[in-house]
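In: Need the 3D shape of this:
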Amino acid sequence: MDIQGLAAIVTGGASGLGAATAEMLAARGAKVTIFDLNAELGMAKARELGGHFAPVNVTDEAAVGHALSEAEGLHGKARILVNCAGIGPPGKVISRDGKPLPLADFARIITINLIGSFNVLSQFAAAIHDADPLNADGERGIIINTASVAAFDGQIGQPAYAASKGGIVSMALPIAREFARYGIRVNTIAPGIFWTPVLSVLAEDVLDSLGKQVPFPSRLGQPAEFAKLTEAIIANPMLNGEVIRLDGAIRMAAK
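Out: All right, here's what the predicted structure looks like:
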């Protein structure tokens, strides 16, 4: 699929992996709409890219539908969706004082990371399932979801996060199979330890220590490297139903 001239949606596009992806898409000629809750960063990034910003809670069905319609009115039907919105606060099943993890804390992470991704992709796909094909293969669009190596190597303190990302991994193939009849590809990236604003609060020596856990290259991944992979997935029509680890060969320890 040729990115030039297509409309694209990036959730969590105000910062981190999403912002780098939005930058790549805009640089390749896409008309980008950013979905994010951070209005200040989101509007600034959209202005920088000549795109559009919509303040969206990805778990809100009506809000997502409204934002997709608004983006379509400005840019036409979006053919590219990259889901990067998500959270990952740690929380053990049993705390140090012996209390169970509040169910609401577990549910919040599942709701935002997994159900939020599904909410956006389902409405995105419904909007384009009968659109005109873009090429001789009959391709109509592409969905790229963001999982994590935690889906496979979840650490102590990550039960909710690992479960949410494991769900994203598990739904990739059945949705790709369902959407094949519509010419909509579905793929998933499972990044390892990447530098994002979430890590900016950590001391330099802690960041260095995290980077050294990666076999090669022994450093934190850069958001632009995530964006490069999204570009390659969009360009290659045979990539469908796949989950691709982007992690420098790291396999996370138990803690």
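In: CA atoms for contacts and neighbours, from now on please.
Out: Will do.
In: and the stretch of helix or strand residue 166 belongs to, how far out from the chain's middle?
Out: Using DSSP states H and E, residue 166 falls within helix 159-179. Centroid separation for helix 159-179 versus its chain: 12 Å, with CA atoms, centre = their mean, to the nearest Å.
In: go on, stretch 145-153?
Out: Distance, stretch centre to chain centre, for stretch 145-153: 11 Å (CA atoms, centre = their mean).
In: so how many other residues sit close to residue 152?
Out: 17 (other CA atoms under 10 Å).
In: I would like the residues contacting the helix holding residue 166, please.
Out: Helix 159-179 has contacts (CA atoms under 8 Å, 6 or more residues apart in numbering) with 87-93, 106-107, 109-110, 113-114, 117, 145-148, 150-152, 154, 184-188, 240-243.
In: Looking at those, which are in helices?
Out: Among the contacts of helix 159-179, the members falling in helices are 106-107, 109-110, 117, 150-152 (criterion: DSSP state H).
In: Out of those, the closest to residue 78 would be?
Out: residue 117 (15.9 Å; CA to CA).
In: just checking, the closest one touches residue 61?
Out: No: with contact defined as CA atoms under 8 Å, residue 117 does not reach residue 61; the gap is 11.1 Å.
In: Between these two, which has more neighbouring residues?
Out: Using other CA under 10 Å as the criterion, residue 117 and residue 61 rank with residue 117 on top: 23 against 14.
In: State the number of residues packed around residue 73.
Out: Residue 73: 10 surrounding residues under other CA under 10 Å.
In: Okay, now the unreliable bits of the chain?
Out: Applying pLDDT under 70 to the chain flags the ranges 200-202.
In: Helices of that one, start to end?
Out: So, for the chain - with DSSP H - the helices run 16-27, 39-49, 61-75, 103-110, 116-128, 150-153, 159-179, 204-212, 223-235.
In: what angle separates the fifth one from helix 103-110?
Out: It stands for helix 116-128. Going by axes from the mean of the first three to the mean of the last three CA atoms, to 10 degrees, helix 116-128 is angled at 40 degrees with respect to helix 103-110.
In: can you list the residues that contact stretch 197-208?
Out: Stretch 197-208 is contacted from outside by 15-16, 219-220, using CA under 8 Å, 6+ apart.
In: What of stretch 45-60?
Out: 11, 14, 19, 22-23, 26, 31-39, 42-43, 63-64, 67, 71, 85, 111-112, 115-117, 119-120.
In: Would you list the buried entries among those?
Out: For those, a neighbour count by 16 or more other CA atoms under 10 Å gives the buried set as 11, 14, 19, 22-23, 26, 31-38, 42-43, 63-64, 67, 71, 85, 111-112, 115-117, 119-120.
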